[in-house]
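J.: what's the 3D shape of this:
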Amino acid sequence: MRFRITLEFCWSTAAVAAILAPSASAAHGRRAAKAQKPATGMIPIIMYHAIGGPAEFAGGRRYDIHGLNIAPQTFRHQLELMRNAGWIPINVSELLKRGPWAPSGRQPVALTFDDARGSQFHTLPNGSIDPNCAVGILLAFHRRHPDWPLRATFYILPDSPWNGVPFDQDREGGWKLRFLIRHGFELGNHTTSHRPLNTLDGRTIQWELANAVSYIHREVGPYAVRSLALPYGIPPKPAYRATLFTGRYRGATYNQRLVLLAGGGPSPLPTDPRFVFGAIPRVVPAPGVVEQWTRKLRHAWNNIAIGRGDAGAGPRSHE
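T.: Prediction:
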C-alpha cells in the first residue's frame, strides 16, 4: 500500500500537463480561449477516497495524514466550511460548459470519490443508508441545507483491490449506481483494475477503460461517462495518451473528455488557457488543506458569466 501513497501524489500538475499538452484536447482548450480574454478564477476539485474506512496501512493510523481516509465528522466539517465560504457543488462534467458554473457570488467546487469504496456508499442490515458513509452524509447535509445541491462524481472501479464489487456489498452495486444518478450525482471512469497506465500498452489501456464503461452500462443502461480519474494520477506513455479520450475493445467503446490527476491544487477555469482537458488537477483533503483553500478562495472568486453552451468539443475521436 505504500506504493500507492508514493505514486498518488508525486506527479505534479505541471509535469503531467507537459506530457499531455500536445494532445488534441489541450490544443482545443487553447483555441477555445484564444477568441476571448481569458477568465480568471479557480475551481477546487476535491479528491476523496475513504470516509471512515479502515487504516490504509496495517498497524497504522486509521485516519492518515494524506487524506486517503478521513473521519465522517471531518467530512461533515469540510462541507460546513465549504458552504460557509460560499462554495456550491457541481458535477465534474459541468466543466464542459463555458459557464456560469455557479450563481452570482458563489464559488463552484466539485466533490470526487475514487475507487467506489464501501465507506462511500454503505447500507445497514435494515436496508437504510449508513448515515456515516459519504452518501449518507451528503444526503443529510442537503436536507439541512437545501441550497447545497446533491452533486458529486463517483469514479467507479469494477475490479478493485479494495472491494469485491463497487461499494463492497454483493448484489447492491447496480441499484447504488442507479440511486446516485437518480439523485443528481454522476459516475466516472477509474479504469477496471487500477493499474498504473504508464505500465500498459494501448490495447490494454483501451480494455481497462472500455470494460469499466461497459460495466456501468450493464448496471444502469445507456449513460454518458464523460470523465476519467487516472489511477495514481499517472498518465500513459505519450504514444498512448489519445486512448484516454476515445477507444474501443471488442465492440465496447468509450468517449471521455475530461481527465483528472491526483493532486496539484484547484483547477483553472475551462476558459483559461492554462486549463488542459487531459490534466485537470485536484485538491487532496489532507488535514488543513480544505480549510486553507476555503480561506484563500473566499474573496478570490468573481463569478464570470462567459456564456452558455459547450466549453469545446474536447478531443476528437481517435478511432
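J.: burial measure for the closest residue to V284 other than its chain neighbours, as a count.
T.: Leaving aside its sequence neighbours, V284 sits nearest to G67 (C-beta to C-beta, 6 or more residues apart in numbering; 4.8 Å). Quick note: C-beta positions are derived from backbone N, CA and C, even for glycine. A count of nearby residues for G67, using other C-beta atoms under 10 Å, gives 24.
J.: Adjust the sequence numbering to begin at 46 for everything that follows.
T.: Okay, residue one is now 46; in that scheme the one you just asked about reads as G112.
J.: Helix or strand, whichever it is, which one in this protein has the lowest mean pLDDT?
T.: Each helix and strand of the chain was given a mean pLDDT (mean pLDDT, DSSP states H and E); the minimum falls on helix 47-55 at a mean of 38.
J.: pretty sure A255 contacts T291?
T.: No: with contact defined as C-beta atoms under 8 Å, A255 does not reach T291; the gap is 10.1 Å.
J.: so what's in contact with these two at the same time?
T.: Common contacts of A255 and T291, defined by C-beta atoms under 8 Å, 6 or more residues apart in numbering, comprise 298-299.
J.: picking up where we left off before, does the residue nearest to V329 sit in a helix or strand, and which one?
T.: Using DSSP states H and E, G112 sits in no helix or strand.
J.: Hmm, G333 and it touching each other?
T.: No: contact criterion C-beta under 8 Å: G112 and G333 do not qualify, at 9.8 Å.
J.: which residues in the stretch 146-295 of the chain form strands?
T.: 152-159, 198-201, 231-234, 272-274, 291-294 (DSSP state E, counting those that start in this stretch).
J.: can you redo these as TSV with mean neighbour count, distance to P318 and mean pLDDT?
T.: TSV is the format used below for the strands of the stretch 146-295 of the chain (neighbours: other C-beta atoms under 10 Å; distance: least, C-beta to C-beta, whole Å; pLDDT from 0 to 100):
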stretch	mean neighbour count	distance to P318	mean pLDDT
strand 152-159	26	19	97
strand 198-201	27	24	98
strand 231-234	24	25	98
strand 272-274	27	21	98
strand 291-294	20	24	96
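J.: and of the ones you listed, who's closest to K282?
T.: For the strands of the stretch 146-295 of the chain, the distance to K282 is smallest for strand 291-294, at 14.9 Å, taking C-beta to C-beta.
J.: Packing partners of that closest one?
T.: Under the contact criterion of 3 or more C-beta pairs under 8 Å, 6 or more residues apart in numbering; DSSP states H and E, strand 291-294 touches helix 247-265, strand 297-300.
J.: redo that, cut-off 6 Å
T.: helix 247-265 (3 or more C-beta pairs under 6 Å, 6 or more residues apart in numbering; DSSP states H and E).
J.: Show me which parts of the helix it packs on are buried, residue by residue.
T.: 247, 249-261, 264-265 (16 or more other C-beta atoms under 10 Å).
J.: and what of stretch 185-196?
T.: Judged by neighbour count using 16+ other C-beta under 10 Å, the buried positions of stretch 185-196 are 186-187, 193, 195-196.
J.: ok, now stretch 107-122?
T.: 108-109, 111-115, 117, 119-121.
J.: now do stretch 314-333
T.: 314-317, 320-331.
J.: least confident pick among those residues?
T.: Least confident entry in those, by pLDDT: T316, with 86.
J.: Need the three-state assignment for it.
T.: The local conformation at T316, judged by DSSP: H, G, I helix; E, B strand; the rest coil, is coil.
J.: Now do the phi/psi pair for it.
T.: phi -90, psi 0 (degrees, to the nearest 10).
J.: pLDDT wise, what is W346 at?
T.: Per the predicted model, pLDDT is 52 at W346.
J.: export the buried residues of stretch 185-196 to TSV and tack on distance to M87 and pLDDT?
T.: Shown next, in TSV, are the buried residues of stretch 185-196 (distance: C-beta to C-beta, whole Å; pLDDT from 0 to 100):
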residue	distance to M87	pLDDT
F186	23	98
H187	24	98
W193	20	98
L195	23	98
R196	18	98
